[in-house]
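Visitor: Pasted the sequence and its predicted model underneath.
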Amino acid sequence: MLKISRMSDYAIVLLTTLAQGKTVQSNARALSEQTGLSQPTVGKLLKTLTTNRLLRSQQGRHGGYSLARAAASISLADIIEAIDGPIAMTECFSTDHDCEREANCSVRPHWYAINQGVRELLTCTTLATLSEPVHQVPIWFKRDSAGATQTAPLPRSTVGKP
């Protein structure tokens, strides 16, 4: 099964909560209560997201965390890479891979295309998109008359919109 890590999922939940928030910034306790995530998990994620410049931290009595840039400029790829590192569908696309079959691998070009498609989808999906209500489940792939799957990424402005 292909899936993002639990921590990336939680980071997306936290950042989406901040993007949807009625206040510009929020503290760890409030975010924990709003999301239902444990305070230690929230604290760890806030620190990592701040280190990776997705969040801004302000100290003091009225301090808290806020998005470091507009929700429309923070992509799912940004968040996942901040938590888990580079996005790679297989080991052959990680920077430190060591595969003796690489030179003769017939499926590597296909995995490259798949990896690029997934990365493009994650890059085009932003916190602003996730902050909007979903009126219809987006269709990312369509089949031609022969039953073959063709990627059909929606333009950035329509991702997540009816």
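Guide: Okay, I see it. Residues are numbered from 1 along each chain as shown.

Visitor: Run through the strands of this structure in chain order.
Guide: Counting by DSSP state E, the chain has strands at residues 55-58, 64-67, 141-143, 149-151.

Visitor: Between those strands, which has the poorest mean confidence score?
Guide: Per-stretch mean pLDDT for those is lowest at strand 149-151 (a mean of 52).

Visitor: what ranges of the protein fall below the confidence cut-off?
Guide: Low-confidence segments of the chain, defined by pLDDT under 70, span residues 1, 93-97, 136-162.

Visitor: ok, 50 please
Guide: 154-162 (pLDDT under 50).

Visitor: Any idea how far apart the tips of stretch 68-85 sit?
Guide: Start-to-end span of stretch 68-85 (C-alpha to C-alpha, to the nearest Å) is 19 Å.

Visitor: Thought S8 was touching L45, still the case?
Guide: No: counting by C-beta atoms under 8 Å, L45 does not reach S8; the two are 9.4 Å apart. From N, CA and C alone the C-beta is placed, and that goes for glycine too.
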